[in-house]
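A.B. asks: Pasting a predicted model and its sequence here:
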Amino acid sequence: MAQKHRLQIILAPVLLPFSWLFAVISRMRFFLYKHGILKTYTPKIPCICVGNISWGGTGKSPFIDYLLKRFHKEHIDCAVLSRGYGVKLPHYPFVLDKNSVMNDSRLPDEPCMLFNKNPFTTIIINPKRAESALYAEKNLPHIQALLMDDGFQHFALNRTENFVLLDKDDLTPKAEYAKSNWNTLIPLGSWREPEQALHRASAFFLKCPPSAWEQIKQHCLVKLAPYHKPLFVFNLNIKRLEPLFHKEIKPIRQYALIAGIGNPYQFQESVQNFLGQACAKSIFLTDHADMEKHAAKLLALDMPVICTEKDAVKLKRHPELARKEIYCTATAVQFHACAFTPHTFETWFAENILTHFNNGN
């Protein structure tokens with residue numbers, strides 16, 4: 001979630017100079033890559049970058065899942081290039097397979113989740129995404145498209161398109177300076193680059209429920225109009241609950257939540273709306289928390305547990321939890337609005353993205 005932490009608001013005068021410094025470093029880094037002072041690689045395969053201007057909570061993993069399924073529908077084989085945040089693997093590039101996903105606890109959650117939902121997809125982990133692209137070109141001749149996960153600030157690999165995901169908190173009014181997140185860089189805010197970086201976008205994707213979109217629509221249009229890029233608004237909908245270990249779904253009267261994602265509060269709201277009842281207990285973890293110490297806490301709970309698809313990856317590696325009633329949410333991206341374009345996302349995607357493949361590129 002892009003929303004500011006309370007301490008960022010309290011310490012704003014102290015943090016502001018560091019945000020200015022961060023902006024200078026960010027611009028200098030982009031300058032060095034743009035002018036060839038730092039090395040870049042242009043892949044021979046069309047490459048789509050899916051990234052954020054701010055830190056997490058924009059629905060990036062579900063959005064990549066959506067794209068993978070969309071490409072699969074067109075019979076286009078994709079490879080996801082993941083940096084593997086917070087892990088150290090025995091070798092790079094590291095290509096996921098069914099055995100490693102099930103048994104290797106060192107692997108990061110997001111790539112494993114994407115592999116479980118899209119077993120037809122190749123997922124390559126390497127902090128150096130250019131090396132992963134080269135690996136795909138040399139060793140995986142069937143790959144026709146590259147999806148670079150969280151790569152908007154990764155300039156070492158050039159891309160065909162930049163899909164920039166935003167959260168409604170990225171577009172908060174500048175009038176509320178202390179709370180505003182627009183163009184407010186780390187550590188005062190959550191942005192990784194100044195607003196000029198948005199000119200690199202091919203399209204914007206805003207994660208926002210339909211009801212909230214009607215409230216912030218005009219403000220969003222004013223903020224994004226100068227970039228002259230299409231905006232597509234989507235929501236993450238819970239389709240169903242899936243048992244993690246047991247086979248049957250039992251009636252749920254009282255339940256606990258566990259979530260280790262960027263915006264756990266939004267997940268809690270979504271589950272409560274889906275079930276029509278409030279949760280009895282919430283366990284919110286950091287994005288990359290170690291699940292080992294939390295497994296015992298879940299066993300001690302005298303109620304069912306509902307988790308995210310990402311957290312399900314870690315929970316499945318704890319066989320002792322098999323005697324616990326645990327469900328994960330099956331979510332899907334649903335587009336419900338657009339701006340700066342007469343087309344729906346499906347039409348725009350067909351005319352602007354699939355043409356890379358129809359033309360034999």
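C.D. replies: Received it, and whenever you're ready, just let me know what you need. Numbering: from 1, shown residues only.

A.B. asks: Can you show me the strands along this structure?
C.D. replies: For the chain, the strands identified by DSSP state E occupy 47-52, 78-82, 94-95, 122-125, 145-149, 161-167, 203-207, 231-243, 256-259, 281-284, 305-307, 326-339, in order along the chain.

A.B. asks: Among these, show me which one is buried the most.
C.D. replies: Across the strands of the chain, averaging neighbours per residue (mean count of other CB atoms under 10 Å) puts strand 78-82 on top, at a mean of 27. All C-beta spots, glycine's among them, are computed from the backbone N, C-alpha and C.

A.B. asks: Within its sheet, name the partner strands of that one and how each one runs.
C.D. replies: Listed by DSSP bridges, the sheet partners of strand 78-82 and their directions read strand 122-125 (parallel), strand 145-149 (parallel).

A.B. asks: So what touches that strand?
C.D. replies: 64, 67-68, 71-72, 108, 110-111, 114, 121-126, 129, 132-133, 136, 140, 143-151, 157 (CB atoms under 8 Å, 6 or more residues apart in numbering).

A.B. asks: and Ile326, how far is that from Met102?
C.D. replies: Distance check for Ile326 against Met102: by CB to CB, to the nearest Å, it reads 17 Å.

A.B. asks: In terms of pLDDT, where does Phe71 sit?
C.D. replies: Residue-level confidence at Phe71 comes out at 97, pLDDT.

A.B. asks: Mind putting the strands of the chain into CSV with distance to Thr184 and mean pLDDT?
C.D. replies: Converted to CSV, these look like this (distance: least, CB to CB, whole Å; pLDDT from 0 to 100):
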stretch, distance to Thr184, mean pLDDT
strand 47-52, 14, 97
strand 78-82, 28, 97
strand 94-95, 35, 96
strand 122-125, 31, 97
strand 145-149, 25, 97
strand 161-167, 13, 96
strand 203-207, 18, 97
strand 231-243, 21, 95
strand 256-259, 25, 92
strand 281-284, 24, 90
strand 305-307, 32, 94
strand 326-339, 23, 95
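
A.B. asks: now for those, which one comes closest to Val222?
C.D. replies: Proximity to Val222 (CB to CB) singles out strand 326-339 among these, at 11.0 Å.

A.B. asks: what about the closest one, distance to the chain center?
C.D. replies: For strand 326-339, the separation from the chain centroid amounts to 13 Å (computed by CA atoms, centre = their mean, to the nearest Å).

A.B. asks: Parallel or antiparallel, list what pairs with that strand.
C.D. replies: Taking DSSP bridges as the criterion, strand 326-339 pairs within the sheet with strand 231-243 (antiparallel), strand 305-307 (parallel).

A.B. asks: Can I get the ones you listed in a markdown table including distance to Asn162?
C.D. replies: Listed next are the strands paired with strand 326-339 as a markdown table, based on distance: least, CB to CB, whole Å:
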| stretch | distance to Asn162 |
| --- | --- |
| strand 231-243 | 14 |
| strand 305-307 | 32 |
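
A.B. asks: nearest to Asn181, of those?
C.D. replies: For Asn181, the closest of those is strand 231-243, at 17.6 Å, according to CB to CB.

A.B. asks: Only alpha carbons, please: show the closest one as CSV.
C.D. replies: Provided in CSV are the C-alpha atoms of strand 231-243 (Å, rounded to 0.1, in the frame of the first residue of the first chain):
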residue,chain,number,x,y,z
LEU,A,231,-5.4,4.6,-17.7
PHE,A,232,-7.2,1.3,-16.9
VAL,A,233,-8.8,0.8,-13.5
PHE,A,234,-9.1,-2.6,-12.0
ASN,A,235,-10.2,-4.3,-8.8
LEU,A,236,-9.1,-7.6,-7.1
ASN,A,237,-12.1,-9.8,-6.6
ILE,A,238,-12.3,-12.9,-4.4
LYS,A,239,-13.9,-15.6,-6.6
ARG,A,240,-13.9,-18.4,-4.0
LEU,A,241,-12.1,-19.9,-1.0
GLU,A,242,-9.9,-23.0,-1.6
PRO,A,243,-9.0,-25.5,1.1
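
A.B. asks: domains for the protein, by residue range?
C.D. replies: As recorded under automatic domain parsing, the domains making up the chain are 14-230+340-358, 236-333.

A.B. asks: Can you list the low-confidence ranges for the stretch 201-350 of the chain?
C.D. replies: Low-confidence segments of the stretch 201-350 of the chain (pLDDT under 70): 286-291.

A.B. asks: how about the helices of it, start to end?
C.D. replies: Counting by DSSP state H, counting those that start in this stretch, the segments of the stretch 201-350 of the chain that form helices are 210-224, 264-275, 292-300, 309-315, 345-352.

A.B. asks: Point out the most buried one among the ones you listed.
C.D. replies: Most buried of the helices of the stretch 201-350 of the chain, by mean neighbour count (mean count of other CB under 10 Å): helix 309-315, with a mean of 23.

A.B. asks: who touches that helix?
C.D. replies: Residues external to helix 309-315 that are found in contact with it (CB under 8 Å, 6+ apart): 61, 101, 105, 109-110, 112-113, 116-117, 244, 258-261, 285, 291, 295, 298, 307, 321, 326, 328-331.
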